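Participant: Sequence and predicted structure, then a few things I'm wondering about:
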Amino acid sequence: QVQLVESGGGLVQAGGSLRLSCAASGSIFSINAMGWYRQAPGKQRELVAVITSGRSTNYADSVKGRFTISRDNAKRTAYLQMNSLKPEDTAVYYCNADIRRIGVGFSYNYWGQGTQVTVSS
């Protein structure tokens, strides 16, 4: 089994910062891309940021210059540093990863359970 566990969400005032973590565990052979998505009430889930195994990154236009995605391959963990937070960043943030399990010849896409981020004005 493979699990993705997010942490670091919470309540913060506009202009503040939060750092999200996503730790992968289980019978993992390799982890390809890791990403963060978010879903606000009444809206579709959207991509926030993604990082490849080679550490190439891509960001949604709405977070460029404010959010930074990174990863620690040894710890099988991805991070999302969120600065200059705005009320419109309020959402449940989900970790996503493309993971190949030990003994399996292809990758599956996994999701974490989500962590709430609330930004007050």
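Facilitator: In hand now; what should we look at?

Participant: Check which helix or strand Val5 maps to.
Facilitator: Counting by DSSP states H and E, the element that carries Val5 is strand 2-7.

Participant: looking at the chain, which residue ends up farthest from its center?
Facilitator: Distance from the centre of the chain peaks at Gly103, with 26.0 Å (CA atoms, centre = their mean).

Participant: how much space between that residue and Ile28?
Facilitator: Plainly put, Gly103 is 11 Å away from Ile28 if you go by CB to CB, to the nearest Å. C-beta coordinates here come from the backbone N, C-alpha and C atoms, glycine included.

Participant: quick one: what helix or strand has Asn58 in it?
Facilitator: Applying DSSP H and E as the criterion places Asn58 in strand 57-59.

Participant: Tell me the buried residues in that strand?
Facilitator: Tyr59 (16 or more other CB atoms under 10 Å).

Participant: Quick one: list the elements packing against it.
Facilitator: Under the contact definition 3 or more CB pairs under 8 Å, 6 or more residues apart in numbering; DSSP states H and E, strand 57-59 sits against strand 46-51, strand 67-72.
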